[in-house]
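Provide a 3D model corresponding to the input given below.
(one chain, ligands or ions: 1)
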Amino acid sequence: MTRRRPDRTVRSAGAIAVTIGCILALTLVPASAHGATVKTFKAVKETKRALIFKPRSSQPEAVTSARVRLRNRRTGTKRVRRVGARRVRHAIDRGRQLRVRRSANAHGKLRVRFKPPAVNVPSGDGDGDGGGGEATPQGSIPTSWARSASFEGDLNAGTDHGWRIDSPISVTSTSEAGASEGSSAAKIVTNGGNSNCSCSRMTFDNLGLTAGREVWIGGSWRVTDPDKLRWSRLMNLGHFEGSGDPDNWYLALMVRDSGMEVVARNYDTDTGASALMRPRPIPQGRWFDVDVRLRLSRTGGEALTQVYLDGELVSSSSAQNMVGPGPLTFYNAGLPYFWNANGSTTVYFDAPRLAH
Ligand SMILES: [Ca+2]
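Predicted structure coming up:
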């Protein structure tokens, strides 16, 4: 059988937008004293007896202490509940949620103190073929996002056009596999039945990301069988001018024969493609986070692509990450492209996010 190269993409034909839900976002309030940093996180969920946080950082090992200053909105009573640094490190390291007990009506934010970051910068194992060494300091994953969604019972809130779902693929909101954020996630079920584009993706639109821009994109997935994702994509930024236009290009977290990689390429050809992270195994049967920091450039040595897996920097490249003249105008994620020959599989997706 001849392998197809099914990386064609048809941009989301937008259904009517559903918009602005309650975004359970995290916020960052930086503070410094003697080089230490304090990050503040809003609860991503509340239960009657607890506040649920999902702290993020690229340096979980730097956590020195954490606490929640609770204030009872009904009685005005205040109290401070300390949270063990080890618990916080563990939650960040594993991408898990952190549960802090509270009495009813008590609210507060999680404040996490970090010691000053180490000076040395991991060189990464995914240098592309761009010129020059990697000398740019490691950034930290944002805790406040310009765009995000969480699929808490509503698949469309926070997205620009809802989902493109090519029948008979289905996407539903479910809590059956847990979630990266909150308690629900998007469940994508494929059956390989659509020979055109087995696509299921949501969109952040009208981004206008040009050379020189600093951008973060991220998403969280739970994959039941990585072998069923060959020749597919998990997320991408894209520039699209019309079917077959040679200026169409995208920057994607994608899969070829195995593993996931980050590549900037033309829609229709690998000629001129720029490898930004070498293939690495796709975690199986658990939630994982991928966050990508970009400084966009068509010039090797001026561009920057850093990839964080579960909050840890795993790849850094200065290879060109723009392969066309046009700006990146949209973000797609979920399973933006699925190779139908993979057949039936289920992928859970949560917390698409973008900062710029
Ligand atoms: Ca969610």
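
quick one: which helix or strand includes the residue nearest to Gly259 when sequence neighbours are not counted?
Nearest residue to Gly259, sequence neighbours excluded (C-beta to C-beta, 6 or more residues apart in numbering): Pro279, at 3.2 Å. Any C-beta I mention is one placed from the backbone N, CA and C, and that applies to glycine too. Using DSSP states H and E, Pro279 falls within strand 274-280.

helices or strands up against that strand?
strand 260-266, strand 304-309, strand 312-317 (3 or more C-beta pairs under 8 Å, 6 or more residues apart in numbering; DSSP states H and E).

The longest one pairs with which strands, and in what direction?
The pairing partners recorded for strand 260-266 under DSSP bridges are strand 249-255 (antiparallel), strand 274-280 (antiparallel).

Tell me, how many residues neighbour Leu316?
Just so we're on the same page, residue 316 is Ser rather than Leu. 23 (other C-beta atoms under 10 Å).

same thing with Ala273?
Neighbours of Ala273 (other C-beta under 10 Å): 13.

thinking again about what came up before, can I get the helices and strands packed on strand 274-280 in TSV with distance to the ion and mean pLDDT?
Below are the helices and strands packed on strand 274-280 laid out as TSV (distance: least, C-beta to the ion, whole Å; pLDDT from 0 to 100):
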stretch	distance to the ion	mean pLDDT
strand 260-266	21	98
strand 304-309	19	97
strand 312-317	22	96
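
quick one, which of the ones you listed is nearest to Arg86?
strand 312-317 (17.6 Å; C-beta to C-beta).

Run the contact check for whichever helix or strand comes after that closest one versus the ion.
Tracing the chain C-terminally past strand 312-317 and defining elements by DSSP H and E, one meets strand 330-337 next. No. Using C-beta under 5 Å from the ion, strand 330-337 stays clear of the ion, with a minimum separation of 12.7 Å.

angle of whichever helix or strand comes after strand 330-337 against strand 330-337?
Downstream of strand 330-337, the next assigned helix or strand under DSSP H and E is strand 345-355. Strand 345-355 and strand 330-337 are oriented at 170 degrees to each other (axes from the mean of the first three to the mean of the last three C-alpha atoms, to 10 degrees).

Show me what the spatially most central residue of the chain bridges to in the sheet.
Geometric centre of the chain, nearest residue: Gly218, 1.6 Å, by C-alpha atoms, centre = their mean. Gly218 has the following beta-bridge partners by DSSP bridges: Asp291, Arg353.

quick one, what contacts it?
Ile141, Asp289, Val290, Asp291, Val292, Tyr308, Ala351, Pro352, Arg353, Leu354 (C-beta atoms under 8 Å, 6 or more residues apart in numbering).
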